[in-house]
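J.: I would like the atomic coordinates for the input below:
(chains A and B)
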Amino acid sequence: MVSAFAYVWHPDALDTFDNYFGTTSHFADTRDTLWTSTITISHWKLLKSSQPKDPSNRFHESEINAGRKDGKFPPEKVARSGKILEERSSSFVITGDVNGYNWICSIWSSLTNPEAIKEDIDRLPRILNLFIHKQATGRCLIFLIILGHICGKLASEYIGILKHLDSVVELGVRRFT
Amino acid sequence: MIWGGQALRIFDDRLSASLSQIRNAKEALDHNIKQDEGQQHIELLQEYMTVLEGFEKHFSSLSNVQVRIQLKIKHVIGLRDGASHFQYFYLHVLNTRAIDLNTANSA
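T.: Got it, this is the predicted structure:
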């Protein structure tokens, strides 16, 4: 899958795919012979420890194939909760000509899925039509829409992690009983 | 509790870095849009404002998560400090009683 993106579908976005497998957040917007707008956000994902890991799944990310670290959350010496926290990234890149006319967009993220992002994707043709004479602006607005979607999903993921942490540590739930 | 505090600090650091890059992205895109002068027509301006509001709403929800994390960190620090003060007070009381007993016995 990674090779297909890197060599066939979106070779101009190789740097982004490289960042995706890292552990730092990064944004860049460069415009010389090619206009590249790319962002990678490093985060965690809360998973059930009982969730089966299928190495044959083309989207499977592990320490071996993707350098993803994970660990019990919380550690067993604190409590047994049956959850794992796994390091992940979400990357999103648009590359194309400097005037914003023709471009390719790739989204790599475990925070969202085709059903969840469909509503935002369906808005894009209308916006591009509206900005047909200002295509650079249209391209930037597309980036903002998708980035906003990822922000919303990331907020939900962190809220889920905090809820789980609260349930284990009970911070602020009861002080005196 | 100590573990919880450490976990929260790690979350805060990572989320802080993410928010910083997202802010950079927003500023860069805004700059590009202004350079393109893509909002001159009223309909285009309205659409631009709609997209921007949508983005700000999602970005705010993520920023609010960071605020929650930082409040929890302060809460943990407060609990830890409270526990330390209680421990100090308790030891102080024990010491005082020990001195009183010694004084009474020697008298």
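J.: how many neighbours does the residue of chain A found nearest chain B have?
T.: In chain A, the residue found nearest to chain B is residue A:137; the distance is 2.7 Å by CB to the nearest CB. Bear in mind the C-beta positions are built from the backbone N, C-alpha and C, glycine included. Neighbourhood size, residue A:137 [other CB atoms under 10 Å in any protein chain shown]: 25.
J.: hey, where'd the helices end up in chain B?
T.: Using DSSP state H, the helices assigned to chain B run over residues B:2-36, B:42-106.
J.: and among those, the most buried is which?
T.: helix B:2-36 (a mean of 17; mean count of other CB atoms under 10 Å in any protein chain shown).
J.: can you tell me which residue is nearest the centre of chain B?
T.: Geometric centre of chain B, nearest residue: residue B:70, 1.9 Å, by CA atoms, centre = their mean.
J.: Report the contact partners of the nearest residue in space to that residue that is not next to it in sequence.
T.: Spatially, and ignoring its direct neighbours in sequence, residue B:70 is nearest to residue B:12 (6.1 Å; CB to CB, 6 or more residues apart in numbering or on different chains). The contact partners of residue B:12, taken as CB atoms under 8 Å, 6 or more residues apart in numbering or on different chains, are B:66, B:69, B:70, B:73.
J.: Ramachandran angles for the residue of chain A closest to chain B?
T.: In terms of degrees, to the nearest 10, the main-chain angles of residue A:137 are phi -60, psi -40.
J.: got it, and residue A:91?
T.: According to degrees, to the nearest 10, residue A:91 has phi -120, psi 150.
J.: I'd assumed residue A:17 was in contact with it.
T.: Yes. Residue A:91 is in contact with residue A:17 according to CB atoms under 8 Å; the separation is 7.2 Å.
J.: Neighbour count for those two, which is higher?
T.: When residue A:91 is set against residue A:17 and neighbours are counted by other CB under 10 Å, the residue ahead is residue A:91, at 24 against 20.
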